[in-house]
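Engineer: With the input below, show me the fold.
(chains A, B and C)
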Amino acid sequence: MLAIRNLSIAFPGPAGPARVVDDVSVAVGRGESLGIVGESGSGKSMLSLATIGLLPGSARTSGEILLDGKDILRLRERELCSLRGRRIGMIFQEPMTALNPAMTAGQQIAEGIRLHRTVGRSEARAEALRLLDRVRIPDPARRIDSYPHEMSGGQRQRVGIAIALALKPDLLIADEPTTALDVTVQKEILDILDELVADLGLSLILISHDLGVIARSTDRTLVMCRGRAVEEGPTETVLRHPSAQYTRDLIAALPRRARAGLGDEARHAAGGAR
Amino acid sequence: MTALAKVSGASFRLRRPGRAALLVGGILTAVLVGVALLSLVWTPEDPARMRILQKLKGPLVSGLLGTDHLGRDVASMLMRGAFNSLTTAFAAVGLGAVLGTLAGVAAAARAGFDAVLMRICDALFALPPILSAIMLGALLGPGALTAIVAIGVFMIPVFARVTRGAAMQIWARDYIMAARMAGKGTARITLEHVLPNIAGQVIVQVTIQLAMAILTEAGLSFLGLGLPPPAPTWGRMLAESQTYMLQAPHLALAPGLAIAAAVLGLNLLGDGLAARLDPRRRQAS
Amino acid sequence: MTAPLLAIENLTRDYTLRAKGATRHLRAVDGVSLAVEPGSIFAVVGESGCGKSTLARIVMALDRPTGGTVRLGGDDLFALSPKALARKRRDFQMVFQDPYGSLNPRHSVGRIVAEPLHLLDDAPRGRDRQSLVARALEDVGLPAQAAERYPHEFSGGQRQRIAIARALITNPKLVVADEAVSALDLSIQAQILRLILSLRDRHGLTVLFITHNIGVVDEVADRVGVMQAGRLVETGTVREVLDHPREDYTRTLLAAEPTLAVLGRRRRRA
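Structural biologist: All right, here's what the predicted structure looks like:
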């Protein structure tokens, strides 16, 4: 579905080009969820921006990002626009800034539907209502006419997901979607994302600094550090039998409660890294 | 920080915004100030000396920029005019910046002052400088003081609003909380923490308002409400040139272009400084 | 049982909100009582809007309660005269969440760390002050030369160390840490937690640790109070509360915490 091959991203800097992503290759299959984990400055967000063609103009790229065989890096802006939304949906960290404060939830979802498909106003609204129900917003019939500031952070993130879903994309990219939320709300949002992958057969790229989040929600995991892919593989293998020292350090840095429950072997390996 | 903020931060840092504006604005402003200062010690001719026989000569025929209807040397008048315009503008902006900044930081520090001060500012804002200059002119007679007070008073609310907004953002920072934990009072926190952190924004505002003040001063002189004759000002040169517009267009062009260049230079300098001092650029990590 | 250093009794804080003409009353803190032993770390854990930050502000005497008392070493903070409170402030300091917003970018690190010395009448000057700052910086694992540099030259974790050095310079008895590690990368977070524990062991520091992260509570605290909607719903030792929670809300919170106990999406759904 999506294959990133030898991707490098660099920005011109005073001391020559600064590489923020360095020769990363990774693939996501249909109905599969990929976790990208790393600390700040690891390049994980740049990778996701490159995938939806939203890198800043000064970025220099090499390698390729193939979506069903087409290289996103070589597409023109017009082609990218139809790609974003229709093929790839994006979910942001702070739904408050990603939503338009002057439009109701329903209007924002319907806007996307009507932009890409020829449907009537009432049909779009019915679709918006269905989507709000799908992301399990309590009382969707009332919430459809609410403005972002009238909603809680968790509800806004649900609206954000509904907007991304409105265009029926094949791939969802969620960049730290729950970092700004409380743990109980985080769990609900992650449950919804799990469901979408399972029920709709969507592919998901979930970017997070939190190994616990990655562990519960993804099939495969890519560990990044300073722009480089440190380790990639099935989530269970990466966490239980990490091959890279950096992965072991990341696991060791987790609070012991979060680490508990890993197999003895992995705990031993992680403990040995301290 | 969201991913998008990170990106804009990165491109901000890398594009080095406002460098050209800063350079061009800085040079134009430096030339302007240099010429104004030079006029105190040297001008090609005495700007007040009239040589009726030499009147309305074109540029390079008599002097660099020709002569006016009284035979005065236009280049010399323009130089001395730069000094007169700049001192008036600096004094007016100084008045507005000092009083306005004081009002702004006081309003940000004390919610009680805030409502009162902002209403006073609204009232001051309703007094355009031309109008107050006419009223003040009636009281004090036209002159430098009238122009300075009229323009300066109008600037107070401008500075008060900018500093109030900036100061309120600083007051919301945790380091202010830490200073309160250190037992520091409002005045001391304003002095040590708030003012240094809004200084950049005030400086930027000063350059922008200097351009405004030069323009307004020219307007007041044009109406005869600025410095009294024979002191040359750009505004009066423009006013006097009207009668000879067709015979001697250089009389209007010279002060007109000087005003335009000064305003452009100061605006560019302000824009350049604004980009340079943008906290988002500095904090991009 | 020794006398508690910090004793909060029946603390309440109401806010009056005026929106669209109607006034609404909000009880941010609702009848909270807790006691913190000297030399122990007490964590208050809860989700956003539960009132834990308001509680921290009141304990730091940056805000006044609507009702109840806060006693520090036996003195009721809100019964003290402003002058006596100012004198008392040397005994309690605070570490904030955002290491970028809590240090004035225009001040040198030395000046930042020395700021609370303003509270002391007999504050050292000149060379003595410099060596005091140097010792405070070394105490948190930074070189003494850091004093001459500026905040932007330091990473988030180093900045948080600077903030801790500032909080400790007056030798306070109590430090309130409000989400002090939440903004940091995990590896840095672990380092700062170890620093806090070692400072407690070396100086007998008492810490009120405000956080939303149960994993952090488990790492650092002796006792914990779970806060929900302004109330302390459950208090006890960390082992009691985390291993044998009595309240439903505590159980919900514990269950929502992402851990490595669940690996892989398919596996769990199967």
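Engineer: CA only for contacts and neighbour counts going forward, please
Structural biologist: OK.
Engineer: And the residue most central in space within chain A, its phi and psi?
Structural biologist: Note on chain A: the residue nearest the mean C-alpha position is A:Ala174, at 2.0 Å, using CA atoms, centre = their mean. Backbone geometry at A:Ala174, expressed as degrees, to the nearest 10, gives phi -120, psi 110.
Engineer: ok, for it, nearest residue in space, not its chain neighbours?
Structural biologist: Distances taken as CA to CA, 6 or more residues apart in numbering or on different chains place A:Ile91 nearest to A:Ala174, at 4.5 Å, with adjacent residues excluded.
Engineer: picking up where we left off before, quick check: the residue nearest to the centre of chain A touching A:Ile207?
Structural biologist: Yes - A:Ala174 lies in contact with A:Ile207 (CA atoms under 8 Å); the separation is 6.1 Å.
Engineer: and the residue in the stretch 51-200 of chain C positioned nearest to chain A, what element?
Structural biologist: Closest to chain A within the stretch 51-200 of chain C is C:Ser187: 5.0 Å, counting by CA to the nearest CA. Using DSSP states H and E, C:Ser187 sits in helix C:186-203.
Engineer: In terms of secondary structure, what does that helix contact?
Structural biologist: helix A:245-253, helix C:156-168, helix C:214-220 (3 or more CA pairs under 8 Å, 6 or more residues apart in numbering or on different chains; DSSP states H and E).
Engineer: Tell me where the stretch 51-200 of chain C is predicted with low confidence.
Structural biologist: Nowhere does the stretch 51-200 of chain C drop to pLDDT under 70.
Engineer: And for residue 253, nearest residue in space, chain neighbours not counted?
Structural biologist: Since you didn't name a chain, this refers to chain A. Excluding the flanking residues, the one nearest A:Ala253 by CA to CA, 6+ apart is C:Ser187, at 5.0 Å.
Engineer: You answered for a different chain; I wanted chain C.
Structural biologist: Excluding the flanking residues, the one nearest C:Leu253 by CA to CA, 6+ apart is A:Thr184, at 6.3 Å.
Engineer: and the next element down the chain from the helix or strand of chain B with the lowest mean pLDDT?
Structural biologist: Lowest by mean pLDDT, DSSP states H and E among the helices and strands of chain B is helix B:3-15, with a mean of 39. Once helix B:3-15 ends, the next helix or strand along the chain (criterion: DSSP H and E) is helix B:19-41.
Engineer: Hmm, A:Gly38 and A:Val223 touching each other?
Structural biologist: Yes - judged on CA under 8 Å, A:Val223 makes contact with A:Gly38 at a distance of 5.9 Å.
Engineer: Need the winner for burial among the helices and strands packed on helix C:186-203.
Structural biologist: Mean neighbour count (mean count of other CA atoms under 10 Å in any protein chain shown) peaks for helix C:156-168 among the helices and strands packed on helix C:186-203, with a mean of 25.
Engineer: Is any residue of that one near chain A?
Structural biologist: No - judged by CA under 8 Å from any CA of the partner chain, helix C:156-168 makes no contact with chain A; its nearest approach is 10.5 Å.
Engineer: Go ahead and report the secondary structure state at A:Leu73.
Structural biologist: What DSSP: H, G, I helix; E, B strand; the rest coil gives for A:Leu73 is helix.
Engineer: Count the residues that sit near it.
Structural biologist: By the criterion of other CA atoms under 10 Å in any protein chain shown, A:Leu73 has 19 neighbours.
Engineer: sorry, back to before: show the contacting residues for the residue nearest to C:Leu253.
Structural biologist: C:Thr252, C:Leu253, C:Ala256, C:Glu257 (CA atoms under 8 Å, 6 or more residues apart in numbering or on different chains).
Engineer: show me where pLDDT drops low in the chain?
Structural biologist: You didn't pick a chain, so chain A it is. For chain A, applying pLDDT under 70 flags the ranges A:261, A:263-274.
Engineer: Let me rephrase: I mean chain B.
Structural biologist: B:1-18, B:60-63, B:277-285.
Engineer: Please look at B:Val149 and B:Gly94 and confirm they touch.
Structural biologist: No - B:Val149 is beyond contact range of B:Gly94, at 10.6 Å (criterion: CA under 8 Å).
Engineer: need the helices and strands packed on helix C:186-203 in JSON lines with distance to B:Leu38, can you?
Structural biologist: Shown next, in JSON lines, are these (distance: least, CA to CA, whole Å):
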{"stretch": "helix A:245-253", "distance to B:Leu38": "66"}
{"stretch": "helix C:156-168", "distance to B:Leu38": "50"}
{"stretch": "helix C:214-220", "distance to B:Leu38": "68"}
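Engineer: So which of those helices is nearest B:Ile52?
Structural biologist: helix C:156-168 (73.2 Å; CA to CA).
Engineer: just the angle between that closest one and helix C:186-203, please?
Structural biologist: Orientation of helix C:156-168 against helix C:186-203 (axes from the mean of the first three to the mean of the last three CA atoms, to 10 degrees) gives an angle of 20 degrees.
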